[in-house]
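> just a sequence and a predicted model for now, questions to come.
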Amino acid sequence: MEALVSWRGFLALFCVATLTACNSARIETTVPTETAYAGEQFPVRLVDRSKFDKSYWPKDVVNETGLPAGTILIDTESNFLYLVKSDAVARRYRIAVGAAGKAWKGEAVVARKSKWPAWHPTDDMHAEAPGLPQRIEPGPHNPLGARALYLYRDGRDTLYRIHGTSEPWTIGTKASSGCIRLFNEDVIELFDQVPEGTRVIVH
């Protein structure tokens, strides 16, 4: 699922450049250019993190989740996603989560992964916004962004995803139809660390 902003809103993009690398003691900033993603199928337009609070930078933090390594914990109250790396360390990412009345909680697993996915609005989305196309092709304008992790429960697709975004200004807010959004740079990093079968807990 994805936020029902107008179709025109999908065409609006922010583009500027910075990325982060960090350790458990402090955040260290780097300034890669878009050429760092030269091998990508489509351009990755980096977000200018200097315009955001430092909490918007990915960061290794003390693991206070009590969960084993390899688990993803999504805190919908604080708008953070934690990838547990070890008993001591978790990788933290700022996210956007479901808007009021559209958020969900529970457990799922990553059953499928996709780079630069197409997006198929759900029937409910078409009912609310009849002008939506049946399919939005992959690329910078696609609401799922650069990567998508598909969440399943009991072998069934929940229709919820962890994914990138064409609307980076929504990160840190409760704006989606229940999916979990990250900056495209962050979802690319997360994607490479998360195998199929990863347990995801949303609370």
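Sure, I can see it.

> just the C-alpha atoms of stretch 173-185, please, in PDB.
Presented in PDB, the C-alpha positions along stretch 173-185 are these (Å, rounded to 0.1, in the frame of the first residue of the first chain):
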ATOM      1  CA  THR A 173       5.800  11.700   9.300                       C
ATOM      2  CA  LYS A 174       2.700   9.500   9.400                       C
ATOM      3  CA  ALA A 175       1.800   9.800   5.800                       C
ATOM      4  CA  SER A 176       1.300   6.500   4.100                       C
ATOM      5  CA  SER A 177      -1.500   4.000   3.700                       C
ATOM      6  CA  GLY A 178       0.300   1.600   6.000                       C
ATOM      7  CA  CYS A 179       3.600   0.900   4.200                       C
ATOM      8  CA  ILE A 180       7.000   1.800   5.700                       C
ATOM      9  CA  ARG A 181       8.900   4.300   3.700                       C
ATOM     10  CA  LEU A 182      12.600   5.200   3.800                       C
ATOM     11  CA  PHE A 183      14.800   7.500   1.800                       C
ATOM     12  CA  ASN A 184      15.900   5.700  -1.300                       C
ATOM     13  CA  GLU A 185      19.600   5.700  -0.200                       C
END
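
> give me the distance between the two termini of stretch 73-83.
One end of stretch 73-83 to the other measures 7 Å (CA to CA, to the nearest Å).

> just the residues contacting that stretch, thanks.
Residues from elsewhere that reach stretch 73-83 (CB atoms under 8 Å, 6 or more residues apart in numbering): 61, 63, 65, 67, 71-72, 84, 90-98, 103, 105, 162, 172-174, 180, 182, 190, 193-194, 200-203. (C-beta placed from N, C-alpha, C; glycine too.)

> just the buried ones from those, in ChimeraX syntax?
Buried subset of the contacts of stretch 73-83, written as a ChimeraX selection, criterion 16 or more other CB atoms under 10 Å:
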select :63,65,67,71,72,84,90,91,92,93,94,95,96,97,98,162,172,174,180,182,190,194,200,201,202
